[in-house]
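*Asks:* what's the 3D shape of this:
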Amino acid sequence: MPKLKRLLVSACFETAQRRRQCSRNKGHDISKGDRCLVIKENMSKNNYCMECAQLILEKAKEDLNGLILELDRND
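*Replies:* Model (predicted):
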């Protein structure tokens, strides 16, 4: 059986080893030792503070739920 296509990009939580800046809001700093969301896309890594990570994941959940509802309507 063929391997399933991944819909989501590579994402994980990391503990910052040095100070980072949030990719969504440049005013949000990620201090050394803080957890952050790291999303890898097209050879680049974007770092997001936990506040922005929450918003990103909520939006992704809404988008996926919308696709599931659309799929269910077509059954």
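
*Asks:* can you map out the helices along the protein?
*Replies:* Applying DSSP state H to the chain gives helices spanning 50-73.

*Asks:* For Ser23, give its distance to Leu67.
*Replies:* 25 Å (CB to CB, to the nearest Å). From N, CA and C alone the C-beta is placed, and that goes for glycine too.

*Asks:* Between these two, which has more neighbouring residues?
*Replies:* More crowded of Ser23 and Leu67, by other CB atoms under 10 Å: Ser23, with 20 against 11.

*Asks:* my guess is the more buried one meets Tyr48, correct?
*Replies:* Yes. Ser23 lies in contact with Tyr48 (CB atoms under 8 Å); the separation is 5.9 Å.

*Asks:* Tell me the residues that contact both of these two, please.
*Replies:* Residues touching both Ser23 and Tyr48 (CB atoms under 8 Å, 6 or more residues apart in numbering): there are none.

*Asks:* hang on, Ile56 packs against Leu37?
*Replies:* Yes. Applying CB under 8 Å, one finds Ile56 in contact with Leu37, separated by 6.8 Å.

*Asks:* Which one's more surrounded, the two?
*Replies:* Leu37 (22 against 17).

*Asks:* For that one, which non-adjacent residue is closest in space?
*Replies:* Ala53 (3.7 Å; CB to CB, 6 or more residues apart in numbering).

*Asks:* In this structure that neighbour contacts Ile39, no?
*Replies:* No. At 9.2 Å, Ala53 does not count as touching Ile39 under the criterion of CB under 8 Å.

*Asks:* which one of the two has more residues nearby?
*Replies:* The neighbour comparison of Ala53 against Ile39 (other CB under 10 Å) goes to Ala53, with 20 against 17.

*Asks:* Low-confidence regions, this protein specifically.
*Replies:* 75 (pLDDT under 70).

*Asks:* again, 50 this time
*Replies:* Within the chain, no stretch has pLDDT under 50.

*Asks:* re the thing from before, which residues do Ile56 and Leu37 both contact?
*Replies:* Counting by CB under 8 Å, 6+ apart, the residues touching both Ile56 and Leu37 are Tyr48.
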